[in-house]
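Enquirer: Here is a sequence together with a model predicted from it:
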Amino acid sequence: MTKSRYLLLLSIFATVVCVRTLPYVLGALDLTNIRQVAGFLWNFSPVTALFLFAGTQATDRRWAFGMPLTAMAISDVLITVLMKLTGADTQGLYAGLPASYGAYALIVVLGAMLRKIQPQPATSSIGAVVGYVLAAVGTGLAGEAAFFLITNFSYWMFQSELYPHTLSGLRDCYIAAIPFAKNGFLSTPFYSAVLFGTSVWVAHLAAASQQPANESQAAERALVA
């Protein structure tokens, strides 16, 4: 990968850690109500879209999977430490984390699939670019749906005593989770459109700025010849 891609992935890493830990940092400083702010940020979070985008940008599998999952692990540890400092009654490290990490790994895989249809900056039509952004939005929704199904199944199976281990209990668990997932199904398409649309636009501008220089060099070589 190029240096610019490494820097981009590191910025995604930092953003994920900051978004997930910010409510607890503010709470530790007595600047906000942790539960209210965490509920807003986590339910209207860019994390799913960021991991999807990371999957398209990281050609090295170690970075593609290691960076998002390490960001999650570090932020979960920080959240647990901050919870103890503030006495907040919120989950930190818990038994369902493997399911969450597995769901995020699946989202990275979906991002890698998007990379196969990524338009070429200099030659792609507007239709191809729009189609790519819409595909990213749809894939983001699919990733959000997978996260919802996987994590709530894990909660029903391993963590909760509220729902019996029956089909009706699983149904009730999913129904109860819908209000918490609503903002995720709104935020992920929004952030996906912003991230993928911006990346294509920046790549197009970069290609356009290089084209005059390439044409000038070609003209100079033709004159010399």
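Expert: Sure thing, it's come through. Nothing here was measured: the structure is a model prediction, and the numbers come from that model. Residues are numbered from 1 along each chain as shown.
Enquirer: all contacts plus neighbour counts: C-alpha atoms, from now on.
Expert: Fine.
Enquirer: Which secondary structure elements does the helix or strand encompassing residue 180 sit against?
Expert: Counting by DSSP states H and E, the element that carries residue 180 is helix 167-224. Applying 3 or more C-alpha pairs under 8 Å, 6 or more residues apart in numbering; DSSP states H and E, one finds that helix 167-224 makes contact with helix 34-43, helix 47-57, helix 126-154.
Enquirer: mind showing which ranges of the protein have poor pLDDT?
Expert: Applying pLDDT under 70 to the chain flags residues 1, 31-43, 86-95, 121-124, 160, 211-225.
Enquirer: Kindly recompute the last result at 50.
Expert: 213-216, 218-220, 222-224 (pLDDT under 50).
Enquirer: and the one helix or strand residue 63 maps to with helix 47-57, angle?
Expert: According to DSSP H and E, residue 63 maps onto helix 61-86. For helix 61-86 against helix 47-57, the angle by axes from the mean of the first three to the mean of the last three C-alpha atoms, to 10 degrees is 160 degrees.
Enquirer: can I get the helices and strands packed on helix 167-224 in CSV with distance to residue 194 and mean neighbour count?
Expert: Shown next, in CSV, are those (distance: least, C-alpha to C-alpha, whole Å; neighbours: other C-alpha atoms under 10 Å):
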stretch, distance to residue 194, mean neighbour count
helix 34-43, 17, 16
helix 47-57, 9, 27
helix 126-154, 9, 19
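Enquirer: I'd like to know which of these is closest to residue 8.
Expert: For the helices and strands packed on helix 167-224, proximity to residue 8 was assessed by C-alpha to C-alpha; helix 47-57 is nearest, at 8.3 Å.
Enquirer: neighbours of residue 83, just the number please.
Expert: 20 (other C-alpha atoms under 10 Å).
Enquirer: In this structure it contacts residue 24, no?
Expert: Yes: between residue 83 and residue 24 there is a contact at 7.0 Å, judged by C-alpha atoms under 8 Å.
Enquirer: would a markdown table of the helices and strands packed on helix 167-224 with distance to residue 175 be doable?
Expert: A markdown table is the format used below for these (distance: least, C-alpha to C-alpha, whole Å):
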| stretch | distance to residue 175 |
| --- | --- |
| helix 34-43 | 16 |
| helix 47-57 | 21 |
| helix 126-154 | 10 |
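Enquirer: how about those helices, which one is nearest residue 112?
Expert: helix 47-57 (4.6 Å).
Enquirer: other SSEs contacting the closest one?
Expert: helix 3-28, helix 61-86, helix 97-115, helix 126-154, helix 167-224.
Enquirer: just the angle between that helix and helix 3-28, please?
Expert: Using the same axes, to 10 degrees, the inter-axis angle of helix 47-57 relative to helix 3-28 is 160 degrees.
Enquirer: got a list of contacts for helix 47-57?
Expert: 5, 9, 12, 16, 64-65, 68, 104, 107-115, 140, 143-144, 188-189, 191-192, 195-196 (C-alpha atoms under 8 Å, 6 or more residues apart in numbering).
Enquirer: Tell me, how many residues neighbour residue 4?
Expert: Residue 4, neighbours per other C-alpha under 10 Å, totals 9.
Enquirer: Not counting its neighbours along the chain, what's nearest residue 118?
Expert: residue 132 (6.6 Å; C-alpha to C-alpha, 6 or more residues apart in numbering).
Enquirer: what about that neighbour, distance to residue 51?
Expert: 17 Å (C-alpha to C-alpha, to the nearest Å).
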